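**Q** Provide a 3D model corresponding to the input given below.
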Amino acid sequence: MMRRNLLQDKKGGTTDLFIFMIIGFVLVVILGVMMYIGNETAKQLHESMDDMDIGDGRGNNASAVIDQTIGVTNGSFKAFYWISVMLLFGMIIAIWISAYMVTTKPIFFIPYIFLVIIAVIVSVAMSNAYGMIIVDDTLSSTFAGFTGANWFMNNLPMVITIVGFIGGIIMFSRMGSREEGVYNGGY
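**A** Model (predicted):
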């Protein structure tokens, strides 16, 4: 049985913008909610258990345990600020690499333009929804640290437009060089 190369015969590329929008939106919201939950958990544990003696015979209280467990976890969650931006940027690079690997015909240029326009329209709604989430009184302090991800999501229509058109340029500019071998009998 022959093993197929993952990059061989790639037929995708049209749904990449939609996948980017959905995964980007869900990723940033989930990371922000995880940070909020971690901070609220630590705050509630401190309020209810700070004066509790843990019974280790040394007079330690639960405050030190909370700081050494949940507090350390919340400290590591601060990496979400830059991880979210790097993942969004990595997905953009993946879209462009995917566009480079797609073999396409010139007839698909017009449908691709329509898909980019639809993606931009959908991205406006997603950007507005994200804007409503980050100004919510409950979550606004948590999302304030996501400066890069906030920029990406607040400017999502512009980002989708740029990524989509650059992806189209990459996809359709290589079209002639790939098709030459097919039209000339494979030579």
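**Q** need the contact list for the residue lying closest to Ile66 once chain neighbours are set aside.
**A** In this structure, Ile66 finds its nearest non-sequential neighbour in Leu45, 4.9 Å apart by Cβ to Cβ, 6 or more residues apart in numbering. (C-beta placed from N, C-alpha, C; glycine too.) Residues near Leu45 by Cβ atoms under 8 Å, 6 or more residues apart in numbering: Ala62, Ile66, Ile70.
**Q** cool, and Ser76?
**A** Ser76 neighbours (Cβ under 8 Å, 6+ apart): none.
**Q** Tell me how far it lies from Tyr130.
**A** 24 Å (Cβ to Cβ, to the nearest Å).
**Q** after the helix or strand hosting Phe25 comes which helix or strand?
**A** Per DSSP states H and E: Phe25 is located in helix 16-49. Counting by DSSP H and E, the next helix or strand C-terminal to helix 16-49 is helix 62-77.
**Q** Please list the outside residues in contact with the next helix or strand after that following helix.
**A** The first helix or strand that comes after helix 62-77 along the chain, using DSSP H and E, is helix 80-101. Residues outside helix 80-101 that contact it (Cβ under 8 Å, 6+ apart) are 7, 10, 12-13, 16-17, 20, 23-24, 27-28, 31-32, 34-35, 145-149, 152, 159, 163, 166-168, 170-171, 174.
**Q** Helix 62-77 and helix 80-101, what's the angle between them?
**A** Counting by axes from the mean of the first three to the mean of the last three Cα atoms, to 10 degrees, helix 80-101 lies at 30 degrees to helix 62-77.
**Q** Direction-wise, compare the helix or strand just after helix 80-101 with helix 16-49 and give the angle.
**A** Going down the chain from helix 80-101, the next helix or strand is helix 109-134, by DSSP H and E. For helix 109-134 against helix 16-49, the angle by the same axes, to 10 degrees is 10 degrees.
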